[in-house]
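Chemist: Pasting the sequence and the predicted coordinates here, then a few questions.
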Amino acid sequence: PPLHQIYNLMDFEYVARHTMEANGWAYYSSGCDDEITLRENHYAYQRIYFIPRILVNVTNVDFTTTMLGCKSSVPFYVTATALGKLGHQDGEKVLTRSCGSHGVIQMIPTLASCSFDEIVDAALPDQDQWFQLYVNSNRKVTEKLVRHAEARGMKGLFITVDAPQLGRREKDMRSKYLADAAEVQDEENDGEIDRSQGAARAISSFIDTGLCWEDLKWFRSITNMPIVLKGVLSTEDALKAISCGVQGIVLSNHGGRQLEFSRSGIEILADLMPILHKRGLTDKIEVFVDGGVRRATDILKAIALGAKGVGIGRPFLYAMSTYGDNGVKKAFQILKDELLMNMRLLGVTSLDQLNEDYVDTRGLLNR
Ligand code: FNR
């Protein structure tokens with residue numbers, strides 16, 4: 001369908017499913033195991049209802065915000081997703097350009113298809129970007145990546161902490177198997193990377209299984225970028241992160257691709273924020289959430305529950321893969337239009353007016 005017939009972010013997914021190459025679709029869309037967590041990420045938002053306010057002058061609505069000191073036109077960012085060229089020949093640069101034209105922050109993945117420098121070069125001079133780090137077992141390699149990211153102006157270091165090993169994504173494995181069967185066997189396989197089990201397994205060998213809390217001091221010593229732990233799933237670890245002095249956490253289960261039956265970020269947020277309030281810790285850390293965010297209503301629920309911003313992954317990959325730059329820009333515009341409308345309907349004119357009194361969370365699993 002032509003782009004003007006795309007009305008929401010789910011529409012991009014539908015088009016992607018029917019038009020993308022099989023292995024790209026499999027890598028992007030898959031979750032781990034039985035994909036229960038993947039599904040729950042989306043469903044969790046449906047357990048929260050709004051408590052709007054009436055008779056507020058909502059003529060002028062402002063949804064700009066600041067995340068890790070970076071100005072953003074919206075309270076969401078493009079989260080890191082590996083292997084952009086499985087969806088578009090320009091890979092992550094499509095996301096970079098679209099972010100530049102819409103004032104959206106992009107988190108650049110370690111395992112991007114384009115080189116890091118290519119992606120940074122595709123940004124406008126004043127465009128803020130963050131860097132997502134997979135920690136390599138060779139710390140010299142890791143240190144080089146981090147120092148280079150800072151030198152190139154990255155405004156945040158997101159250390160992925162939920163992937164000591166990559167989850168088992170069977171859709172991806174199956175698709176890779178079929179691709180292999182159809183093509184000539186890959187002779188280049190040097191034995192170091194086992195490519196027979198899909199894209200996810202192939203990149204798993206890069207990641208350090210030994211990463212632990214003590215390492216955070218070392219990261220602090222090699223960079224001045226704000227440090228954010230991406231993949232926190234418990235209140236206990238959130239409190240530990242604060243005591244380690246990191247600047248932020250992302251409550252995330254990696255888009256349902258890692259530990260099956262991990263809770264969704266929004267559920268954990270609803271548990272965590274009252275505890276941070278009670279202990280007077282809300283100013284100590286910026287809390288982000290990702291996974292299953294598809295509508296501005298999802299974003300506004302997370303903001304009301306205390307998130308500084310939310311990360312969105314797959315929808316932008318699908319928009320990029322189906323309609324390129326115009327698709328991603330359209331996805332941003334759809335969310336901006338939805339933000340404006342829903343803030344008006346909620347009776348708020350800026351994000352800081354939202355709080356837990358605007359949401360009914362009694363439907364959440366922990367209530
Ligand atoms: C990811 N994610 C991810 N996270 C990360 O820290 N490093 C990475 O390289 C990747 N790669 C990646 C690839 C693909 C195809 C997906 C779908 C996801 C996880 C990502 O940052 C984020 O946590 C989720 O994508 C959020 O869920 P939604 O918005 O995709 O539902």
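Modeler: Ah, there it is.
Chemist: so what's the residue in the stretch 151-300 of the chain that the ligand sits nearest to up against?
Modeler: For the stretch 151-300 of the chain, the residue closest to the ligand is Gly255, as judged by Cβ to the nearest ligand atom, at 2.9 Å. C-beta: built from backbone N, CA, C; applies to glycine. Contact partners of Gly255, counting by Cβ atoms under 8 Å, 6 or more residues apart in numbering, are Gly31, Leu38, Asn41, Asp290, Gly291, Gly292, Gly313, Arg314.
Chemist: just Gly153 next, same as before
Modeler: Val120, Gln129.
Chemist: one more time with 10 Å
Modeler: Gly153 is in contact with Val120, Ala123, Pro125, Gln127, Asp128, Gln129, Phe131, Met225, counting by Cβ atoms under 10 Å, 6 or more residues apart in numbering.
Chemist: how far away is it from Met107?
Modeler: Summarising the geometry, the distance separating Gly153 from Met107, computed by Cβ to Cβ, to the nearest Å, is 14 Å.
Chemist: Show me the common contact partners of the two, please.
Modeler: Taking Cβ under 10 Å, 6+ apart as the contact rule, Gly153 and Met107 both touch Gln129, Phe131.
Chemist: got the residues of the stretch 51-200 of the chain near the ligand?
Modeler: Thr79, Ala80, Thr81, Ala82, Pro109, Leu111, Gln132, Thr160 (Cβ under 6 Å from any ligand atom).
Chemist: before we move on, back to that, helix, strand or coil: sort out the residue of the stretch 151-300 of the chain closest to the ligand for me.
Modeler: Secondary structure, DSSP: H, G, I helix; E, B strand; the rest coil: Gly255 is helix.
Chemist: what are the ranges of the strands in the stretch 201-350 of the chain?
Modeler: Assignment of strands within the stretch 201-350 of the chain using DSSP state E, counting those that start in this stretch yields the ranges 227-232, 248-251, 286-290, 309-312.
Chemist: Just list the residues touching the nearest residue to Ala149 once chain neighbours are set aside, thanks.
Modeler: Take Ala149 and drop its neighbours on the chain: the residue closest to it by Cβ to Cβ, 6 or more residues apart in numbering is Phe131, 4.0 Å away. Applying Cβ under 10 Å, 6+ apart, one finds that Phe131 lies in contact with 80, 106-110, 116, 119-120, 145-146, 148-150, 152-159, 223, 225.
Chemist: which phi and psi does Phe131 have?
Modeler: Summarising the backbone geometry of Phe131 under the convention degrees, to the nearest 10, its torsions are phi -120, psi 130.
Chemist: quick one: it and Glu143, what's the gap?
Modeler: Distance from Phe131 to Glu143, by Cβ to Cβ: 13 Å.
Chemist: Overlap in contacts, those two.
Modeler: Contacts common to Phe131 and Glu143, judged by Cβ under 10 Å, 6+ apart, are Thr223.
Chemist: ranking the residues of the stretch 51-200 of the chain next to the ligand by neighbours, who comes first?
Modeler: Of all those, Thr79 has the most neighbours under the rule other Cβ atoms under 10 Å, reaching 27 neighbours.
Chemist: number of nearby residues for the residue nearest to that one when sequence neighbours are not counted?
Modeler: Using Cβ to Cβ, 6+ apart and skipping the chain neighbours, the partner closest in space to Thr79 is Gly311 (3.4 Å). Residues near Gly311, counting by other Cβ under 10 Å, number 25.
Chemist: wait, is Trp130 part of a helix?
Modeler: No: using three-state DSSP, the secondary structure at Trp130 is strand, not a helix.
Chemist: so Asp126 makes contact with Gly100?
Modeler: Yes: at 9.1 Å, Asp126 counts as touching Gly100 under the criterion of Cβ atoms under 10 Å.
Chemist: So the two - more neighbours on which side?
Modeler: Here Asp126 and Gly100 are set side by side on neighbour count (other Cβ under 10 Å), and the busier one is Gly100, at 17 against 8.
Chemist: Near the ligand, which residues of the stretch 251-367 of the chain are found?
Modeler: Ser252, His254, Gly255, Arg257, Asp290, Gly291, Gly292, Val293, Gly311, Ile312, Gly313, Arg314.
Chemist: Now the residues you listed in a markdown table, please, with extra columns for pLDDT and distance to Met67.
Modeler: As requested, these are exported to a markdown table (pLDDT from 0 to 100; distance: Cβ to Cβ, whole Å):
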| residue | pLDDT | distance to Met67 |
| --- | --- | --- |
| Ser252 | 98 | 15 |
| His254 | 98 | 20 |
| Gly255 | 97 | 19 |
| Arg257 | 96 | 23 |
| Asp290 | 98 | 13 |
| Gly291 | 98 | 17 |
| Gly292 | 98 | 19 |
| Val293 | 98 | 15 |
| Gly311 | 98 | 10 |
| Ile312 | 98 | 13 |
| Gly313 | 98 | 16 |
| Arg314 | 98 | 20 |
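Chemist: Give the buried subset of these as a PyMOL selection command.
Modeler: Here is the PyMOL command that picks out the buried ones among those, judged by 16 or more other Cβ atoms under 10 Å:
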select buried, resi 252+254+255+257+290+291+292+293+311+312+313+314
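Chemist: Check the residues of the stretch 251-367 of the chain next to the ligand against Ile242 and report the nearest one.
Modeler: Ser252 (17.0 Å; Cβ to Cβ).
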